[in-house]
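>>> heads up, no residue letters with this:
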């Protein structure tokens with residue numbers, strides 16, 4: 001569990017890997033502007049179980065109402081929570097999240113079908129997918145190498161469970177999410193990276209939320225793709241922090 005900072009509270013829901021520790025640079029940077037709460041996704045038999053976990057996190061930290069920020073898969077949880085709990089949602093931030101119409105790519109589908117067996121190949125191919133984004137976001141090879149070493153250390157300290165990741169994706173609400181979007185009343189910010197740099201979730205998919213959620217605002221996080229919150233944590237904190245503070249006032 002992460003709980004640091006003062007000011008308006010914001011709950012940051014991690015992506016499908018389920019570990020808040022992977023987001024530590026972004027959480028620390030954002031905690032200079034808000035009270036930041038994050039957690040690891042728990043075991044779930046239904047998607048509603050993941051939504052209910054947000055209630056338990058808020059109750060456990062003594063928070064009645066907060067901004068809800070979902071990263072990638074976590075954005076789907078955030079949208080459904082905002083739709084179901086408007087009285088507890090002061091603002092909604094959706095970051096690089098698959099839309100209701102999203103379907104896995106052929107490569108992603110193979111990983112879902114055999115999560116443990118495909119993990120070595122997935123990990124081996126990750127540097128090639130992520131390097132263009134790292135090179136765009138971070139200036140100079142010494143800083144780029146240092147980032148890679150630090151991020152790998154975070155991943156090693158909070159390892160993924162491939163079968164749990166695949167199970168979460170299978171729980172995705174699909175078309176039901178579109179109906180949830182129509183029920184959202186909180187002020188909403190949709191954030192993506194640049195289209196050519198996000199190799200995980202197409203930017204066009206995330207941008208669908210702008211039309212699905214009434215009054216949603218959109219910002220493109222420049223020089224980033226899917227992991228801008230860790231490659232450029234200070235800029236991420238500025239975008240989200242200003243939105244959360246503006247919504248609270």
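Okay, I see it. For clarity, every value in this text was computed on a predicted model and none was experimentally measured.

>>> where are the low-confidence patches of the protein?
Applying pLDDT under 70 to the chain picks out residues 107, 109, 112, 115-116, 119, 121-125, 127, 249.

>>> and the gap between residue 55 and residue 14?
Residue 55 sits 17 Å away from residue 14, going by C-beta to C-beta, to the nearest Å. In short, each C-beta sits where N, CA and C put it, glycine included.

>>> quick one: which of the two has more around it?
Comparing residue 55 with residue 14 by other C-beta atoms under 10 Å, the one with more neighbours is residue 14, at 23 against 13.

>>> list the buried ones in stretch 164-184?
Residues of stretch 164-184 classed as buried by neighbour count (16 or more other C-beta atoms under 10 Å): 164-169, 171-173, 177-178, 180-181, 184.

>>> Just the terminal-to-terminal distance for it.
Length of stretch 164-184, first residue to last, C-alpha to C-alpha, to the nearest Å: 28 Å.

>>> just how off-centre is that stretch within its chain?
If you compare the mean C-alpha spot of stretch 164-184 with that of the full chain, they lie 14 Å apart, counting by C-alpha atoms, centre = their mean, to the nearest Å.

>>> re earlier: can you flag which of the buried residues of stretch 164-184 belong to helices?
The helices, defined by DSSP state H, take in 164, 165, 166, 167, 168, 169, 177, 178, 180, 181 from the buried residues of stretch 164-184.

>>> what's the distance between the fifth one and residue 160?
Using C-beta to C-beta, one gets 11 Å for the distance from residue 168 to residue 160.

>>> And the residue nearest in space to the middle of the chain, its phi and psi?
Centroid-nearest residue in the chain: residue 71, 0.6 Å away (criterion: C-alpha atoms, centre = their mean). Main-chain torsions, residue 71, degrees, to the nearest 10: phi -100, psi 120.

>>> Within the helices and strands, which one has the residue of the chain positioned farthest from its centre?
Most distant from the centre of the chain: residue 142, at 27.3 Å, with distances by C-alpha atoms, centre = their mean. For residue 142, the host element (DSSP states H and E) is helix 141-157.

>>> ok, residue 225 touching residue 201?
No: with contact defined as C-beta atoms under 8 Å, residue 225 does not reach residue 201; the gap is 9.3 Å.

>>> Those two: who's more crowded?
residue 225 (26 against 23).

>>> Enumerate every residue touching that one.
Residue 225 is in contact with 130, 132, 133, 136, 193, 194, 196, 197, 198, 199, 200, counting by C-beta atoms under 8 Å, 6 or more residues apart in numbering.

>>> That one looks like it's in a strand, true?
No: counting by DSSP: H, G, I helix; E, B strand; the rest coil, residue 225 is not part of a strand but coil.

>>> Can you report phi and psi for it?
phi -120, psi -100.

>>> Now name the helix or strand holding the closest residue to it other than its chain neighbours.
Once flanking residues are discounted, residue 225 sits nearest to residue 197: 3.2 Å by C-beta to C-beta, 6 or more residues apart in numbering. Residue 197 belongs to no helix or strand when assigned by DSSP H and E.

>>> How much space separates residue 197 from residue 205?
Residue 197 is 15 Å from residue 205, by C-beta to C-beta.

>>> One more: residue 245?
Distance of residue 245 to residue 205, computed by C-beta to C-beta: 28 Å.

>>> now residue 67, what's its secondary structure?
Here residue 67 is recorded as strand under three-state DSSP.

>>> Distance check, it against residue 241.
10 Å.

>>> and residue 1, how many neighbours does it have?
10.

>>> ugh, typo on my part, it should be residue 242
Residue 242 is flanked by 12 other residues according to other C-beta under 10 Å.
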